[in-house]
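> below is the sequence, then the predicted model.
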Amino acid sequence: MSASSIAISDAFDGGNIEHVSTDDSNSNSKVLLRIKPDPFTELEKINHLQYFSFRARVPATSSVEYVIENAGKCSYPSACYCLDRLYFLPLVISNGGIL
């Protein structure tokens, strides 16, 4: 699989992710991502990391692992995911804050 066959985008309303790199050197591709910080808040004097949302375009026969490197730095580290916009399931953050 070539790097150009995997596309990551947050260019939509509510999208929030930074595509760091893609390693497709073997049969299972690995995509490294980072959550973008929210704007600086004057009240708390910090940039929150609160959510991520992205779209991935991947060939149907591909196996891809998505790694969010800074998930453990989120303001609220309990996370969930949704594939169908109806049901949300919990995610587990491990390995020193990597999701």
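Ah, there it is. It should be emphasised that the depicted structure is a prediction, and the values quoted were computed from it without experimental measurement.
> tell me the spatial nearest neighbour of C80, not counting adjacent residues.
In space, and not counting its chain neighbours, C80 is closest to F88: 4.4 Å by Cβ to Cβ, 6 or more residues apart in numbering. The way it works is simple: take the backbone N, C-alpha and C, and place the C-beta from them, glycine included.
> who touches that neighbour in this structure?
C80, Y81, C82 (Cβ atoms under 8 Å, 6 or more residues apart in numbering).
> among those, who's most crowded?
Counting neighbours by other Cβ atoms under 10 Å, Y81 leads those with 12 neighbours.
> ok, that one touching I68?
No: using Cβ atoms under 8 Å, Y81 is not in contact with I68; the gap is 10.7 Å.
> what distance do you get for D13 to S53?
9 Å (Cβ to Cβ, to the nearest Å).
> what does D10 give?
Using Cβ to Cβ, D10 is found at 7 Å from S53.
> lowest-pLDDT helix or strand in the chain?
strand 79-81 (a mean of 69; mean pLDDT, DSSP states H and E).
> state the mean pLDDT of whatever helix or strand comes next after it.
As assigned by DSSP states H and E, the chain's next helix or strand after strand 79-81 is strand 89-91. For strand 89-91, mean pLDDT is 73.
> try stretch 25-43
Here the average pLDDT along stretch 25-43 is 84.
> start to end distance for that stretch?
45 Å (Cα to Cα, to the nearest Å).
> and for stretch 35-44?
19 Å.
> pull out the buried residues from it.
Neighbour counts using 16 or more other Cβ atoms under 10 Å place I35, P37 of stretch 35-44 among the buried residues.
> before we move on, what about stretch 63-70?
With the criterion 16+ other Cβ under 10 Å, stretch 63-70 contains buried residues Y66, V67, I68, E69, N70.
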